[in-house]
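Colleague: no FASTA, just this:
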């Protein structure tokens, strides 16, 4: 009894001590609590975020169904001239709220997007300097987004960021799909599939599959006035943000305070969950351009593939492709078969000779003498189609920016509505002249290039022009904010099948939807019907074909399915007109398939093996389905419940029974059958094959 009384007395004394004695945390920051842990749950309760301090450092974890998917990971920033947000830190909660709203896309994979998340805002202070920042966290059912906000304050009118500490601690063994970062060929590599521990420095999106089947993808959203984030392995399982450096030193130069891009972590039960997420779009600001009805999603043809297969040349040192006669032929083909635009590359002065190492020479307003730009723009207009402009900079952004207004004035006057830009240069070799006249060389995804692309997109909007950059900065959802940023390259596209050794393997396009495509639309340029162009005789003896190992490693049916599985609001029918006219049954699907969607659903898929995608046309009740496989033949059973109560006619374009990308790529069949939403459709895909389907209500 006496012992119990003593214990009770000690407990009471301890409680009084805690109430009366202030914590020894920060004597000069008494508005802060002792180190605490703050938590946040996703709307469905399956994800849980924890943010906490430990010995003055800031950390977070992320759990899925009670099991950590991101372990103890540091947060913070370091600067050249200020103390960093890396130690002596305290934090407190500022706000939390719930959000559930729906917004409409100007164009996209779905017309309406639901934004449903839980939000937490914390304030972080450094005890020995008083400097402060905020961290915003938004937790969706499909993942997490967070960013740093450093307001203008004493000694922070400007700041040079030297390190972003942000870490991502993976849990346990995991498989990963990735391309290397900071190398010469930008993003344009065949994907590696390895253990996550085999990675060193990688671009995002970085996609991971844990041993329990949970899938993760780490990326970023709303990349504005900042350097792009790669991921660097610190030790097995632990990665950190690694920002592209500035030529002048440091990583990011800021003024008057700054906000970083959102760091994003997608979490899904399977690969399809990743592809179906709208998290990145929801972390971007709404449309800032207002009415952009002058841009319409659609399909285009162009003077492009002929140069890659050496039928034509960009310059006049060969068989010039961009001639008045050839362009008229493409205009007439586009008008007859329902295409909206005609891309013409090689029309302007600068392509002769070694253009890809000499971006100083390009003019963006002067045409070659054999290309009558004024007459061709007028002829296209008479035919009800438009020319698509092309600006190759060869990595010299100062030369381009000096001519930008004149170039956009010309295109606007001639009725153009879209421009494909290009930045062909080795990684780290983007050339610019600074304000002091000094030549600088930047990475494709450094702060200077991020700001250059924003400058171009804003000026283009003022001229009612949409932009489709190649050799770009990766997508981060900014097409929501600037809807004239309609597509981009940013991966190994179709052109590698013309001259690449090796070409893209059959698995390549079954990886893209779960990796590169998580960052947004891609101008992959599908629809090649001549699958062995290097085996044809050359057009001219001095223009020999590429090595025969360069080829399209798909079946004919798979080329059709790519129009559904790889999304872009501008889709190219990339082959030559004569090749389409030679295969009218397959060409019919390209003519039918739209490029703007009411709804999109990834139905099935395993990364690097296969994928099945269904999309509903925004302008009709029709649905379209694309299914593709890797080098293995595959039978897929696809429930058609996405059709609802539709009594539909299915027009099926598929591999024939002997189809094989290697031995028999042209084995192709079409058939029509009645289906309903209660049916399960069996698709037999050949090696490297696919199937494309149009579903139309039978009462139409």
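Modeller: The structure has been received and is ready for your questions. A quick note: this is a predicted structure, and the numbers were derived from the prediction, not measured.
Colleague: and stretch 293-311, how far out from the chain's middle?
Modeller: 20 Å (CA atoms, centre = their mean, to the nearest Å).
Colleague: how long is it end to end?
Modeller: 37 Å (CA to CA, to the nearest Å).
Colleague: just stretch 186-203 next, same as before
Modeller: For stretch 186-203, the end-to-end distance is 9 Å (CA to CA).
Colleague: let me see the mean pLDDT of it.
Modeller: For stretch 186-203, mean pLDDT rounds to 97.
Colleague: any regions of this protein where pLDDT drops low?
Modeller: Residue ranges of the chain with pLDDT under 70: 1-35.
Colleague: mind listing the helices for it?
Modeller: 2-20, 271-275, 279-282, 305-308, 324-337, 373-382, 397-413, 447-462, 496-499, 508-511, 556-565, 577-581, 584-592 (DSSP state H).
Colleague: tell me what the fifth one is packed against?
Modeller: I take that to be helix 324-337. Helix 324-337 sits against strand 298-303, strand 341-344, helix 373-382, helix 577-581, with contacts defined as 3 or more CB pairs under 8 Å, 6 or more residues apart in numbering; DSSP states H and E. All C-beta spots, glycine's among them, are computed from the backbone N, C-alpha and C.
Colleague: what's the closest non-adjacent residue to the spatially most central residue of the chain?
Modeller: Closest residue to the average C-alpha location of the chain: residue 519 at 2.5 Å, with CA atoms, centre = their mean. Excluding its sequence neighbours, the residue lying closest to residue 519 (CB to CB, 6 or more residues apart in numbering) is residue 475, at 4.0 Å.
Colleague: equivalent analysis for residue 255, please.
Modeller: Once flanking residues are discounted, residue 255 sits nearest to residue 158: 4.8 Å by CB to CB, 6+ apart.
Colleague: strands of the stretch 401-550 of the chain, start to end?
Modeller: Assigned by DSSP state E, counting those that start in this stretch, the strands in the stretch 401-550 of the chain fall at 418-422, 430-433, 439-442, 466-469.
Colleague: circling back: which phi and psi values does the residue nearest to residue 519 adopt?
Modeller: phi -70, psi 140 (degrees, to the nearest 10).
Colleague: can I assume it is in contact with residue 520?
Modeller: Yes - applying CB atoms under 8 Å as the test, residue 475 and residue 520 come out as touching, 3.1 Å apart.
Colleague: shared neighbours of the two, anything?
Modeller: Contact criterion CB atoms under 8 Å, 6 or more residues apart in numbering; residues shared by residue 475 and residue 520: residue 488.
Colleague: related to what we said a few turns ago, please work out which of the helices of the chain is packed deepest.
Modeller: Of those, the one with the most neighbours on average (mean count of other CB atoms under 10 Å) is helix 556-565, at a mean of 28.
Colleague: rewinding a little: closest one to residue 661 among the helices and strands packed on helix 324-337?
Modeller: helix 577-581 (17.3 Å; CB to CB).
Colleague: what's the closest one in contact with?
Modeller: With contact meaning CB under 8 Å, 6+ apart, helix 577-581 is reached by 301, 329-330, 333, 337, 528-530, 573, 587, 590.
Colleague: just send the helices of the chain back as TSV, with distance to residue 210 too.
Modeller: TSV is the format used below for those (distance: least, CB to CB, whole Å):
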stretch	distance to residue 210
helix 2-20	41
helix 271-275	12
helix 279-282	19
helix 305-308	39
helix 324-337	47
helix 373-382	52
helix 397-413	41
helix 447-462	32
helix 496-499	31
helix 508-511	18
helix 556-565	25
helix 577-581	44
helix 584-592	38
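Colleague: ok, now how distant is residue 665 from residue 651?
Modeller: Going from residue 665 to residue 651 by CB to CB, to the nearest Å gives 21 Å.
Colleague: do residue 157 as well
Modeller: 63 Å.
Colleague: repeat for residue 536
Modeller: Distance, residue 536 to residue 651, by CB to CB: 31 Å.
Colleague: what's the answer for residue 522, then?
Modeller: Distance, residue 522 to residue 651, by CB to CB: 26 Å.
Colleague: and for residue 563?
Modeller: From residue 563 to residue 651 the distance is 14 Å (CB to CB).
Colleague: any shared contact partners between the two?
Modeller: Counting by CB under 8 Å, 6+ apart, the residues touching both residue 563 and residue 651 are residue 589.
Colleague: re earlier: so residue 665 and residue 651 - more neighbours on which side?
Modeller: residue 665 (25 against 19; other CB atoms under 10 Å).
Colleague: ok, that one - contacts?
Modeller: 531-532, 552, 554-556, 659, 688.
Colleague: now swap in residue 279 and tell me
Modeller: 140, 142-143, 145, 221, 264, 266 are the contacts of residue 279 under CB under 8 Å, 6+ apart.
Colleague: same question, residue 457
Modeller: Neighbouring residues of residue 457 by CB under 8 Å, 6+ apart: 467, 482, 484-485.
Colleague: and the residues you listed, which two are the farthest apart?
Modeller: Greatest spatial distance in the contacts of residue 457: 467 and 482, 8.7 Å, computed using CB to CB.
Colleague: what's the end-to-end length of stretch 229-241?
Modeller: Start and end residues of stretch 229-241 are separated by 6 Å (CA to CA).
Colleague: er, stretch 619-639 actually
Modeller: 24 Å.
Colleague: tell me which residues of that stretch are tucked away?
Modeller: 621-631, 634, 636, 638 (16 or more other CB atoms under 10 Å).
Colleague: what does stretch 253-265 give?
Modeller: Going by 16+ other CB under 10 Å, stretch 253-265 has these buried residues: 253-254, 258-265.
Colleague: surely residue 430 and residue 445 touch.
Modeller: No - judged on CB under 8 Å, residue 430 makes no contact with residue 445 at a distance of 9.6 Å.
Colleague: related to what we said a few turns ago, quick check: which of the strands of the stretch 401-550 of the chain is nearest to residue 281?
Modeller: When the strands of the stretch 401-550 of the chain are compared by CB to CB, strand 466-469 sits nearest residue 281, at 17.8 Å.
Colleague: re the thing from before, want to throw the contacts of helix 577-581 into CSV with distance to residue 213?
Modeller: Formatted as CSV, the contacts of helix 577-581 follow (distance: CB to CB, whole Å):
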residue, distance to residue 213
301, 42
329, 52
330, 48
333, 47
337, 45
528, 35
529, 38
530, 40
573, 38
587, 40
590, 36
